[in-house]
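Novice: A predicted structure for the sequence below; I have some questions about it.
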Amino acid sequence: MISPPMSDDRQSPAARLRPANVSLKQLRGFAAVARQGSFTRAAQELFLSQSALSALIRGLEAELGLRLLDRTTRRLELTEAGHELVPTVERLLADLDHAAHELREVAERKRGRVRLGTTPLLAASMMPELMVSFAAAWPGVELSLTDASADVLVTKLRQGELDLALATFDHAAEPDIAAETLLADPMVLVCARGHALAGETSLAWAQLLDQPLLLLKPGSGLRALVEQTFAPLGGCPKPAQEVSHITTAMAMAAAGLGVAILPAYALRVGAPEGRAQGLVGVPLTAPEVRRELSLAQLKQRSLSPAARAMVEHLKAHLVAPALPTRSRRRAAT
C-alpha cells in the first residue's frame, strides 16, 4: 500500500511556489481515468498497461503533493482535489490538441501566410496570374503582396516585414540576403504596332542609336543596364524622354512618341491575355542582354511552410512570356 502524498499544508513555502513539473502523459492519463472511472478502461483507451498508467498517476500525485484518486478494491473515486483538477486538465488538453491540429495544418500548407514583395512592374505584369494559380493550389494560405523598388524590398526583408522578395538585386552588395535567380528575361525593343521596326525578327543595339528612346531616369537599375550595353557603341544616346515609371514609357511608346528598351515581361502589363495592346516586343541581339529576376530571403530567417510553398510555386510557374508580334521580316544586316 502506497502512503498518501503529503497534503498542501505540509509543504514548505518554497515547495508551494515551485512550478509543478508534470508531463503531458500524466495529464492525459489522469483525464482518461477520470473520464472512464476505471484504470482498466483508461489503460485500454491510452494503449498502456494498467501498471504503467498507475505509475503515471502516482507520479502526478507525488508532484502535486495531493491525492487525486481514492482507490479501493471495489471502486475508484475522485478526491475533492481530483474533481477540481478535472476541468482544468480537460481544458488544457483541448487547447493543446487544437494548437497541434493548427500546427499540423500549417506544416501541411493547409493554412498559413506568406508576405511577398515585388517591383511595381512585376506586380502589374506577372504577379496577377501567379497569385491566381497559387490561390488555386493553396486555398488556405493567405498571400499579401507588396510592390516597391528593390532597395525598399531589401529593407523590408531585413525588418521582418516580408518573407520573400522577387526583383533584380545586386547579389554582391547584399551579404545578408540569399538570392536565387529564377528567370533571365531578354531585353526587347518595345514599340507601337505601326512602328517601322515592329516587324523585325530581331534588332542589334547599334540600330537604336538614332531612335527616339524612352528611358527611365538615371539611378534606376534598368537605366544602368541600358547605359552599360550602349557604352561600347559610343555611349547611350540622349533620350527623347526620361520617365520615372516603366508604364509611362510604355504608354508613350504606344502613342508613337518613341521606343522603349524593357524586359520582355513588361509586355504583360494591363494585358487581358498576357499581351499588351498596341505594343510589340522585338528581341535585341548583338549583344543579347537579359535582366535577371531573383527570389530573395534573409539568410538568418527560416521560411515558413507557406513561404516554401510560394518558392516552389514561383520556380514551377515563373517563365518568360511569349512576345506579342505580327508577321515579321528578317532584320537588316
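Specialist: Received it, and whenever you're ready, just let me know what you need.
Novice: and the pLDDT at the residue lying closest to Asp147 once chain neighbours are set aside?
Specialist: Nearest non-adjacent residue to Asp147, counting by C-beta to C-beta, 6 or more residues apart in numbering: Ala123, 3.8 Å away. Yep, even glycine has a C-beta here, placed from its N, CA and C like the rest. Predicted confidence (pLDDT) for Ala123: 91.
Novice: got it, and Thr73?
Specialist: 66.
Novice: ditto for Pro287
Specialist: pLDDT, Pro287: 94.
Novice: over to the one 5 residues further on?
Specialist: Reported pLDDT at Glu292 in the predicted model: 89.
Novice: I'd assumed Met187 was in contact with it.
Specialist: No - look at Glu292 against Met187 with C-beta atoms under 8 Å: they stay out of range, at 11.3 Å.
Novice: looking at the two, which is more packed in?
Specialist: Applying other C-beta atoms under 10 Å to Glu292 and Met187 shows that Met187 carries more neighbours, namely 24 against 15.
Novice: distance check, the more buried one against Val89.
Specialist: 66 Å (C-beta to C-beta, to the nearest Å).
Novice: before we move on, what about Leu262?
Specialist: 65 Å.
Novice: between these two, which has more neighbouring residues?
Specialist: More crowded of Leu262 and Val89, by other C-beta under 10 Å: Leu262, with 27 against 19.
Novice: how many other residues sit next to Thr285?
Specialist: For Thr285, using other C-beta under 10 Å, the count is 16.
Novice: hmm, I typed the wrong one, I wanted Ser304.
Specialist: Other residues close to Ser304 by other C-beta under 10 Å number 18.
Novice: touching, it and Arg115? I think so.
Specialist: No - using C-beta under 8 Å, Ser304 is not in contact with Arg115, being 9.8 Å away.
Novice: how far does the top strand by length along the chain sit from its chain's centre?
Specialist: Longest strand of the chain, by residue count under DSSP state E: strand 177-192. How far strand 177-192 lies from its chain's middle: 21 Å, per C-alpha atoms, centre = their mean, to the nearest Å.
Novice: sort out which residues of that strand are buried, please.
Specialist: By 16 or more other C-beta atoms under 10 Å, the buried positions in strand 177-192 come out as 177-179, 182-183, 185-192.
Novice: please identify which of these is nearest to Ala255.
Specialist: Closest approach between the buried residues of strand 177-192 and Ala255, by C-beta to C-beta: Ala192, at 7.4 Å.
Novice: show me what contacts that closest one?
Specialist: Ala192 is in contact with Ala198, Ala253, Ala254, Ala255, Gly256, Gly278, Leu279, Val280, counting by C-beta atoms under 8 Å, 6 or more residues apart in numbering.
Novice: and the gap between it and Ala34?
Specialist: Counting by C-beta to C-beta - Ala192 and Ala34 are separated by 80 Å.
Novice: Glu142 belongs to a helix?
Specialist: No - read with DSSP: H, G, I helix; E, B strand; the rest coil, Glu142 is strand and lies in no helix.
Novice: isn't it right up against Arg113?
Specialist: Yes - counting by C-beta under 8 Å, Arg113 is a contact partner of Glu142 at 4.4 Å.
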